[in-house]
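K.L.:
Give me coordinates for this.
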Amino acid sequence: MSVSKRSALGLVRTSVGEQTVWALVGEASLRHITAARITTLELEALPVDRAEASRHVAEVMSALEAYSSRRAETPGGASWLYVQHVPVRRLITQLVRKLLALSAWSEFAEAPGPVTLAPYEGLLGLRDSSSREYRAYTVTWSGVAYILGARAPHTTVNVQHGAWMPESVAWPALHSRHIVVMGDRDVAPARAWVRHPKAEIHVLGQPRFDALAGLGREAQRRYLQKLLGAGNERGPERIAVWACQPFGPDRLRAQADIILEGVWKTQSSWGLVVAPHPAQGNHAFDHLLRRDVRPLVAVADPRVGARGCLAGADAVVSVSSTCGIEAVLLDVPVVELDRPGDRTLGLAEHAIAHRCRTAADVTEALDLVSRGSARVPAEACDAVCRWRGHSAGDIAQLIIRQAEVGISHADPTDHDARGATFGLLRGEGATIR
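P.N.:
Sure, this is the predicted structure:
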C-alpha cells in the first residue's frame, strides 16, 4: 500500500498467443509504443454515467450486507460494515468508477481481456488527505487488474486491525502465509487459529498507531481545557477522556452512570470529556449534558474522536476500544471498565490498566492517578502491542523480504542476496513459525 498521488502508469494492448492482454506499464514507455494505449490519468478522465455507478455501488453494498456484514461484530453487536460503512463505500465507489472507465474506453471495449498488474504498485492506495479516524483508501489500477483476475505478485501478508479476539479475526488472517500481530499475547491464539500450513507469525505492533508519534499533546490539552472551561473557577484540575464505542443506549447509560459517579467522588477535581466513536453522534450523550451536577462533562466533536484528544488527557476510560492501547503507548493511565457482560481488551490482566467494575473502583483508580501512577514497564506493553513508532516500516521490510524470496525462486539470477541483509528495523519485532 502506498500514498496515492498522480498515477504514472499506462495501459497497453499486447497479446499472449492469440489472446489479447492489457499490460500496465510505466507512463514514460508509452511514447515508444504504437499499439493501442492510454494513460491511467486519461482513463480516469473519461466520462462515466453517475447513475449507473451509483446503482452498481448500491448493489455491491447490498451484497456485502447480505453475505458478510455479520462475519465480525463489535462487543456491542454492531456489524463491521455498520462501523466501517463510509470508508467501505468510498472504496467500492473508486473500484466501480475505474471499471466503468475501462469499459468506456473504446479500444478495451472492442477487445476486452485480462490486465496484468504493475509489480511495484500496491493493490490499494492511501490519500494524503485521509483523516486519522477514516482512512481514505483507493483502489489502484493494479488493484483493478487483481479484481479482474491477475495474480498478486507477492506472498500474502495480513495485518490484523486490532486485538485478536474470536469474533474479530477475519478470514484472510486465518489463511494468510504471513500474519502480523500487535503483541506477544497474540502469538498463541494466532498459532492456534491459523489454517495456512506454512503460516509465519510476526509481532510487529500496529501500523495505524505510527501516527501517535506526531500527536501534539499541548494542543490536545488545550482543546480539552476549552471544552470544560478549565480556565475559569469551575474548571477541573484533571481531565479524563472516555473513549466510547457504538453500544446500545442502555449499555451506554449504564457505563456512563458508573463513570460519572466514580469521577464525581474523587478526592481532587476531575472533569470528563466524552469522545464519541465515528459511528456515533453527539445526540447519543444528550442526557449527560443535561446533568447540572459534578463532575463537569463535555462531548468532543465526533470528527475529533478519542484519537484527537487522548494525548492531552490525565486518564483514558475504555471498555474495549483500541484507544486504550494507544493511551498506554503514550504513557496515559487507562481505566478499563469491566462490567458484567462487557468484553474488554484484557489490558488490566497485563497490569497496564486499572480494572474497574464499580464506581468505587473508578474513584480509586483516578485517585491513584492523581497521586502519580508508576510508569508501565516496557515488557508489559510489549505483551499487548510491541510498538516503537515504525510498525509500518517494519511491515514494509517484511513484504520486501518476501518479494525478494519470491523473485529468487522464480529467477535463477543472483540479486546480490539483498534478502539476506534485511533484518527487522532497528532490532525490533519478532517472527515465530
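K.L.:
Is residue 271 in a helix, a strand, or coil?
P.N.:
Using DSSP: H, G, I helix; E, B strand; the rest coil, the structure places residue 271 in strand.
K.L.:
which SSE is the residue nearest to residue 184 when sequence neighbours are not counted in?
P.N.:
Spatially, and ignoring its direct neighbours in sequence, residue 184 is nearest to residue 383 (4.9 Å; Cβ to Cβ, 6 or more residues apart in numbering). Quick note: C-beta positions are derived from backbone N, CA and C, even for glycine. If you go by DSSP states H and E, residue 383 is part of helix 378-384.
K.L.:
buried sites along the one helix or strand residue 219 maps to?
P.N.:
In the assignment (DSSP H and E), residue 219 maps to helix 217-228. For helix 217-228, the neighbour count (16 or more other Cβ atoms under 10 Å) marks 220, 221, 223, 224, 225, 227, 228 as buried.
K.L.:
Model confidence score at the closest residue to the second one other than its chain neighbours, please.
P.N.:
By that I understand residue 221. Counting by Cβ to Cβ, 6+ apart, residue 312 is the residue found nearest to residue 221 once chain neighbours are left out, at 3.4 Å. Note for residue 312: predicted pLDDT of 95.
K.L.:
Residue 312: neighbouring residues, count only.
P.N.:
Residue 312 has 22 neighbours, counted by other Cβ atoms under 10 Å.
K.L.:
How about the contacts made by the residue nearest to residue 184?
P.N.:
183, 184, 185, 350 (Cβ atoms under 8 Å, 6 or more residues apart in numbering).
K.L.:
next one: residue 247
P.N.:
Contacts of residue 247 by Cβ under 8 Å, 6+ apart are 74, 75, 76, 255, 319.
K.L.:
Return the member of these nearest to residue 308.
P.N.:
Comparing these against residue 308 with Cβ to Cβ places residue 319 closest, at 19.1 Å.
K.L.:
wait, isn't that closest one in contact with residue 246?
P.N.:
No: contact criterion Cβ atoms under 8 Å: residue 319 and residue 246 do not qualify, at 11.3 Å.
K.L.:
quick one: contacts for residue 148?
P.N.:
Contacts of residue 148 (Cβ under 8 Å, 6+ apart): 114, 115.
K.L.:
quick one, phi psi at it?
P.N.:
phi -80, psi 0 (degrees, to the nearest 10).
K.L.:
For residue 356, see how far away it is.
P.N.:
Residue 148 sits 52 Å away from residue 356, going by Cβ to Cβ, to the nearest Å.
K.L.:
Same check on residue 186?
P.N.:
In terms of Cβ to Cβ, residue 186 sits 24 Å off from residue 356.
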